[in-house]
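>>> prediction below, plus the sequence it came from.
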Amino acid sequence: MLTVVLARLVRRVVERAMVRADAERHVRVVVATLVFYTVVTVGLVIAFALGGVNLGLLVGSLGLATVALGFALQDIVSNFTAGIVLLLEHPFTEGDHIAIPDAEGEVEDIRVRATRLRAPDGQLVIVPNKLLFTQVLTNSTATMRRRVEVRLELPYGQDAARVRELLLAAAAEVEGISDEPAPRLLTQDLGQDARSLRLVVWVDARGHDPQRVRSELLEKAALLGGFGGEDSPPNGPGTASSEEVRS
């Protein structure tokens, strides 16, 4: 009990020292955790030695016990190890939006065993660090900009040059769209009745919601005459769909 109390005190001292040194939070977590367990281990060894326990016999017994516990607690150990590596490598930080095949959300807290995410629908998702370490992980906010695409169908007979001019001008008016690179309107395909277009813009994902930007782009297209959705009038200039592309 005394060893644990001492380890906690030492951990607090180390944490305060690293805060004063302006160390990053993930580094403080790793160092403080390692210091805590090191002090506990040393304290237990000293306590056993003072108690007259044969350390050689104890080490041999612990070796066998460690093998047995390793099989029983392999998930906990793997999550702990993965957490240490994630904190050291720093592939994401609090506030980032990350996604793996089975979970997605904004990072609220990075712990040694698991990471807490806030899902888009508001639910709290606790992801074991082993999954974040072994699966493909997408960090949508690792860069300042995210690409957003709006796909349009322009029937033949329409003035393509005029449509291009109007759409690019409308996109430039939407708040959050970057000027560099500037919005682009690309021809995706030439269909039987219409040409497929892609309106490509870049959004500052940390300062603006890409979904809001995409919605405003569709509204702008609709005001130009029928680019607002799949249910556009048959005789309107075209239809539109949209897709957000993380880059």
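Received, thanks. Numbering: from 1, shown residues only.

>>> so which strand or helix has the residue most central in space within the chain?
Central residue of the chain (CA atoms, centre = their mean): I98, 1.9 Å from the mean position. Assigning secondary structure by DSSP states H and E places I98 in strand 97-100.

>>> and the contacts of that strand?
Applying CB atoms under 8 Å, 6 or more residues apart in numbering, the external contacts of strand 97-100 come out as 92, 104-107, 117, 127, 131-132, 135-141, 205. The way it works is simple: take the backbone N, C-alpha and C, and place the C-beta from them, glycine included.

>>> which ones among those residues lie within helices?
The helices, defined by DSSP state H, take in 131-132 from the contacts of strand 97-100.

>>> so which of the contacts of strand 97-100 sit within strands?
104-107, 117, 127, 138-139 (DSSP state E).

>>> ok, and for the strand holding I98, which residues are buried?
For strand 97-100, a neighbour-count test (16 or more other CB atoms under 10 Å) marks 97-99 as buried.

>>> for stretch 138-145, same thing?
Across stretch 138-145, burial judged by 16+ other CB under 10 Å covers 140-141, 145.

>>> mind putting those residues into TSV with distance to L168 and pLDDT?
Supplementary listing: these in TSV, determined by distance: CB to CB, whole Å; pLDDT from 0 to 100:
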residue	distance to L168	pLDDT
S140	25	78
T141	27	75
R145	18	76
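
>>> make sure Q158 is indeed in a helix.
No: checked against DSSP: H, G, I helix; E, B strand; the rest coil, Q158 lies outside a helix; its state is coil.

>>> list phi and psi for it.
Backbone geometry at Q158, expressed as degrees, to the nearest 10, gives phi -80, psi 150.

>>> quick revisit: of the ones in strands among the contacts of strand 97-100, grab the buried ones for PyMOL.
Written as a PyMOL command, the selection of buried residues from these, which uses 16+ other CB under 10 Å, is:
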select buried, resi 104+105+106+107+117+127
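
>>> so what's the residue count around T33?
Burial of T33 is recorded as 18 neighbouring residues (other CB atoms under 10 Å).

>>> correct me, but it touches I110?
No: using CB atoms under 8 Å, T33 makes no contact with I110, being 12.0 Å away.

>>> domain map for this structure?
Domain segmentation of the chain under automatic domain parsing yields 2-72, 90-139, 145-245.

>>> out of the ones you listed, flag the one nearest A82.
domain 90-139 (3.8 Å; CB to CB).

>>> how near is the residue lying closest to L131 once chain neighbours are set aside to F92?
Residue nearest to L131 in three dimensions, not counting chain neighbours: I100, with 6.1 Å by CB to CB, 6 or more residues apart in numbering. In this view, I100 and F92 are 11 Å apart by CB to CB, to the nearest Å.

>>> what touches both of these two?
With CB under 8 Å, 6+ apart, I100 and F92 have common neighbours L137.

>>> for the strand or helix carrying V42, packing partners?
Assigned by DSSP H and E, V42 belongs to helix 25-50. Packing partners of helix 25-50 (3 or more CB pairs under 8 Å, 6 or more residues apart in numbering; DSSP states H and E): helix 2-20, helix 55-72, helix 74-89.

>>> which of those helices has the lowest mean pLDDT?
Lowest mean pLDDT of the helices and strands packed on helix 25-50: helix 55-72, a mean of 57.

>>> need the buried residues of stretch 138-145 in CSV (columns: distance to A47).
Output for the buried residues of stretch 138-145, formatted as CSV (distance: CB to CB, whole Å):
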residue, distance to A47
S140, 49
T141, 47
R145, 56
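
>>> lovely, talk soon.
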